[in-house]
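1. sequence first, then the predicted structure:
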2 protein chains.
Amino acid sequence: MLSRRVISQLKDIFGPPNVLTSKISMEAYAYDSSPFIHYPEAVVFADKVEQISQLMKLANREKIVVVPRGAGTSLSGGAVPVHGGIILVLNRFNRILEIDPVNEVAWVESGVTNLALQQAAASYGLMFGPDPASQKVATMGGNVAEGAGGIRGVKYGVTRDHLLGLEVVLPDGEVVMIGGLGKYVPQIDLTGIFCGSEGTLGIITKILVKLIPLPEAIRTMMAVFGSLDKAGEAVSQIIARGIVPTTLEIMDQTMIRAVDDFINVGFPREAEAVLLIEVDGYEVEVDRQVESVVSICKEQGATDIRKATDEKERQDLWLARRSGNGALGRIKPAYMVQDVTVPRHKLPDMLRFVSDISKKYGIIIAQMAHAGDGNLHPHLLYDPFQPEELERVKQASHEIFTAALEMGGSLTGEHGIGMEKLEFMTQAFTANDLDFMEQVKRALDPHLVLNRGKVLDIA
Amino acid sequence: MLSRRVISQLKDIFGPPNVLTSKISMEAYAYDSSPFIHYPEAVVFADKVEQISQLMKLANREKIVVVPRGAGTSLSGGAVPVHGGIILVLNRFNRILEIDPVNEVAWVESGVTNLALQQAAASYGLMFGPDPASQKVATMGGNVAEGAGGIRGVKYGVTRDHLLGLEVVLPDGEVVMIGGLGKYVPQIDLTGIFCGSEGTLGIITKILVKLIPLPEAIRTMMAVFGSLDKAGEAVSQIIARGIVPTTLEIMDQTMIRAVDDFINVGFPREAEAVLLIEVDGYEVEVDRQVESVVSICKEQGATDIRKATDEKERQDLWLARRSGNGALGRIKPAYMVQDVTVPRHKLPDMLRFVSDISKKYGIIIAQMAHAGDGNLHPHLLYDPFQPEELERVKQASHEIFTAALEMGGSLTGEHGIGMEKLEFMTQAFTANDLDFMEQVKRALDPHLVLNRGKVLDIA
């Protein structure tokens, strides 16, 4: 419990209506999009950088944990206050400060949603590369803090590939500007350490990102395969032949059938796997890319290839992809979604391994992957009222992590470590590597006031 | 002077033939490609990571400065041992460990030259994005440490855009692996802080970089302008219309004439400025990009446009660009090359400003710029036997820095801070921002043993 004195100081900083402490208010900020629940002791709404600076000075003096929160869409518990303390809500930082088409950059506040930025950029013929599935609500601050990706990642990369600069409130309350336009990166460049730091090193208030021209033309197609292996092999071949598709998504039969039952768009129910492939570029080149992709898929044994011939067919294909998560609710009431990555050439092995794990543990796993990035999102289905089933899901997840690491991959591609994967960090990194991360964390945040209990298991 | 005991320990670590201490040997390692000269106390040649780890433990115990050195091509004094100590030569770390075409990555040791990597990648139809002018000799470790760019930067970015992972010996001798394949970045991602750290935070031994497909087709052209302004405006327009050229280089009349006198390729001597423009991509699209570029240049008043019709003509155009530095030697025996950047839309202002400075100080300045990146390389010519002329060159440089910072640019695009721009850091950054850099430096290197006296003015 925070003392009356601290709460009174919070009210001085933020104004009384912007400080919540009632039990009922704490309920709403006890969770994010992960399965974890922990109650904060206060929730504050900031709309000025200076308030955040004062908050951090107070928190440091009093050794109170502060957890920054955007839209709360973290899948790994990034915004859950596992050590209590204060939730700092940032969604009032929602202004797009500048879209600069000549320098192809944008300055936004950290509470701006990814979609709002996309829309603002589009009016200049530009876009922001990363497009996480949560883009309608997820904030740019969260995108940076978690290192968000999305389905365009294979061509356009992830958040860190587009991040140029930040305004950050450090744990001691100092406000710094780091990075800068284009090549103009100050030495020593500290921008990158905040990308993926999950709110543990500083509170991001402003963000400078690269924008890129919207492609002139897009072509979308679906290739149907009789086995996951063949689909996985087609992915490797497409990349190995120098094609850079915009998206390269794989779905397995469980996912295909769930989606078909749900939205009934004539998805190939008998297929073992489909690839959803999109290419973009100049009008004159995209058809040539399509031809190459089609010929590789056929060589790899694709039994059918459907090209979207108009925008409606394209939207139908993407609706099928985007409906995956919802569709699974028809099979089981809950799922745990994993986020492991493997080197691209290991993708067929990993898809097969996850299938085997599904049989071994007697659980349903629907597979979906950003295949071009080697980033798998197996959905492990369970019923929360059957604790024993959840236990099997957790064990299966652990085997999936372990296999990904053994294949040279990682625990997470874009969902973060958060609380969920904390205990596996020692499996993923050497003691030296973890010590180095801890050294940087302690240098910036000696009292561990910022989002304690995330990423690194130190207290 | 290092004690006999320390020298004996160095010989134990590296073997006696790999430790130099003679006066004559120190001469060769007292300078790099900058104008600075300072003598080291010993030079050691490493070929194992373990030796570097032991060296750093020794250096920390004895508080001796260690300066890592690749090919010594730094233009800002990065490899000059301004505080004496030990030069650690890394060019025996020259193995390309792996080119992986499926994952489109390469692992190289830090002493591999940029060109060696390009050649190895090319045999797989791939390339490494950055192509600094010094690529024949400059090492990948230096590319990372200085944040090297090159003429392809406008399309393919700079080193940090292609850096995935590193093996680094930290100042305390610990060896860490950071970053990883593709999306698979560990949280907290510490890769970025070494890019541009100029050897002040760790010694890079292995590097994991992205590779990208070689373009199918390239088109090269030169546009001739009656004023620098118009050429600069054409640059802004090309970018603003969504074209992403591979290179977009500008040369002013001083540079054009010097080059024409030197290699006599029929360069347009009466032009006030030329743009050298290259586009790449699929065969079917490049001609379309050429048409757009040509039409924009004409709109902006280009008086002539020459397209290279074959590889020979293309090589002639690039020979002209690459001959710039050498050609200037015919005018004055020495030059100081600056490396400021400005936002793209300020490019015409900055080009004009530099011209005015040339008149104001009565010195010859030949202008050349990676215009697409807003990165200017004005060459300020002088005679080293006329100290008063050098003084004017320094004052003019200072005005150029200051103007670039006022326009929202930076001190350096790709040559680093080194010793040269150290005193201007307080002009470029706020006290808070510098404190933050210093905080990270001191956390990793409390005794300031790594490349002391570079980037940050602390001792």
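-> That came in fine, so what should we check first?

2. list the buried residues in the helix or strand where residue A:391 lies.
-> Assignment of secondary structure by DSSP states H and E places residue A:391 within helix A:387-406. Going by neighbour count (16 or more other Cβ atoms under 10 Å in any protein chain shown), the buried part of helix A:387-406 is A:389-390, A:392-393, A:396-397, A:400-401, A:403-405. (Each C-beta comes from the backbone N, C-alpha and C, glycine too.)

3. ok, those vs residue B:129, which is closest?
-> Ranked by distance to residue B:129 (Cβ to Cβ), those are led by residue A:404 at 27.8 Å.

4. could you measure from the nearest residue to that closest one once chain neighbours are set aside over to residue A:148?
-> Once flanking residues are discounted, residue A:404 sits nearest to residue A:340: 3.7 Å by Cβ to Cβ, 6 or more residues apart in numbering or on different chains. From residue A:340 across to residue A:148, the span is 16 Å (Cβ to Cβ, to the nearest Å).

5. please apply the same query to residue A:384.
-> On the measure of Cβ to Cβ, residue A:384 and residue A:148 end up 27 Å apart.

6. which of these two has more neighbours?
-> When residue A:384 and residue A:148 are compared on other Cβ atoms under 10 Å in any protein chain shown, the one with more neighbours turns out to be residue A:148, at 29 against 11.

7. assign a three-state SS to that one, would you?
-> coil (DSSP: H, G, I helix; E, B strand; the rest coil).

8. what does residue A:87 give?
-> Recorded secondary structure, residue A:87: strand (three-state DSSP).

9. and it, what are its bridge partners?
-> residue A:43, residue A:67 (DSSP bridges).

10. right, and it touches residue A:40 too?
-> Yes - here residue A:87 reaches residue A:40: they are 4.4 Å apart, a contact under Cβ atoms under 8 Å.

11. shared neighbours, those two?
-> Common neighbours of residue A:87 and residue A:40, counting by Cβ atoms under 8 Å, 6 or more residues apart in numbering or on different chains, are A:29, A:67, A:81.

12. confidence score at the last one?
-> Residue A:81 is assigned 98 on the pLDDT scale.

13. and the helix holding residue A:391, how far out from the chain's middle?
-> Here helix A:387-406 shows a centroid-to-chain-centroid distance of 20 Å under the convention Cα atoms, centre = their mean, to the nearest Å.

14. what's it packed up against?
-> strand A:334-337, helix A:347-361, strand A:379-382, helix A:425-428 (3 or more Cβ pairs under 8 Å, 6 or more residues apart in numbering or on different chains; DSSP states H and E).

15. quick one: it to helix A:347-361, angle?
-> On the basis of axes from the mean of the first three to the mean of the last three Cα atoms, to 10 degrees, helix A:387-406 is oriented at 150 degrees to helix A:347-361.

16. do me a favour and average the pLDDT over helix A:387-406.
-> The pLDDT scores in helix A:387-406 average 94.

17. count the residues that sit near the closest residue to residue A:94 other than its chain neighbours.
-> Taking Cβ to Cβ, 6+ apart, and ignoring the residues beside it in sequence, residue A:94 has residue A:111 as its nearest neighbour in space, at 4.4 Å. Here the number of neighbours of residue A:111 (other Cβ under 10 Å) works out to 24.

18. wait, residue A:111 sits on residue A:91?
-> Yes - in terms of Cβ under 8 Å, residue A:111 counts as a neighbour of residue A:91; the distance is 4.2 Å.

19. which neighbours do these two have in common?
-> Joint contacts of residue A:111 and residue A:91 (Cβ under 8 Å, 6+ apart) are A:70, A:139.

20. which residues touch the closest residue to chain B within the stretch 151-300 of chain A?
-> For the stretch 151-300 of chain A, the residue positioned closest to chain B under Cβ to the nearest Cβ is residue A:192, at a distance of 2.4 Å. In this structure, residue A:192 makes contact with A:160, A:163, B:160, B:189-193, B:195, judged by Cβ under 8 Å, 6+ apart.

21. quick check: residues of the stretch 351-459 of chain A near chain B?
-> The interface of the stretch 351-459 of chain A toward chain B, taken as Cβ under 8 Å from any Cβ of the partner chain, is made up of A:373-375, A:408-410, A:412-414, A:416-417, A:428-430, A:432-433, A:435-437, A:439-444, A:455-456.

22. can I have the buried ones of those as a ChimeraX selection?
-> Remark: buried members of those, expressed as a ChimeraX selection using 16+ other Cβ under 10 Å:
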select /A:373,374,375,408,409,410,412,413,414,416,417,428,429,433,436,437,439,440,441,444,455,456
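
23. can you give me the helices in the stretch 251-400 of chain A?
-> Remark: helices assigned in the stretch 251-400 of chain A by DSSP state H, counting those that start in this stretch are A:253-263, A:283-299, A:311-322, A:324-328, A:347-361, A:387-406.

24. take those helices and write them to a markdown table, including distance to residue A:103.
-> As requested, the helices of the stretch 251-400 of chain A are exported to a markdown table (distance: least, Cβ to Cβ, whole Å):
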| stretch | distance to residue A:103 |
| --- | --- |
| helix A:253-263 | 41 |
| helix A:283-299 | 26 |
| helix A:311-322 | 31 |
| helix A:324-328 | 37 |
| helix A:347-361 | 37 |
| helix A:387-406 | 39 |
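
25. most packed of those helices?
-> Here the criterion is mean neighbour count by mean count of other Cβ atoms under 10 Å in any protein chain shown, and of those the winner is helix A:253-263, at a mean of 21.

26. run the chain-centre distance for that helix.
-> Between the mean C-alpha position of helix A:253-263 and that of its chain there is a distance of 23 Å (Cα atoms, centre = their mean).

27. average pLDDT across it?
-> The predicted model assigns helix A:253-263 a mean pLDDT of 93.

28. what packs against that helix?
-> Packed on helix A:253-263, when contacts are counted by 3+ Cβ pairs under 8 Å, 6+ apart, are strand A:273-281, helix A:311-322, helix A:324-328, strand A:365-366.

29. distance of the closest residue to residue A:296 other than its chain neighbours relative to residue A:407?
-> The shortest distance from residue A:296 to any residue other than its chain neighbours is 4.9 Å, reached at residue A:237 (Cβ to Cβ, 6+ apart). The spacing between residue A:237 and residue A:407, counted by Cβ to Cβ, is 19 Å.

30. contact partners for the residue lying closest to residue A:334 once chain neighbours are set aside?
-> Ranked by Cβ to Cβ, 6+ apart and with sequence neighbours excluded, the top spatial neighbour of residue A:334 is residue A:384, at 5.0 Å. Listed by Cβ under 8 Å, 6+ apart, the contact set of residue A:384 reads A:333-334, A:390.

31. many thanks, have a good one.
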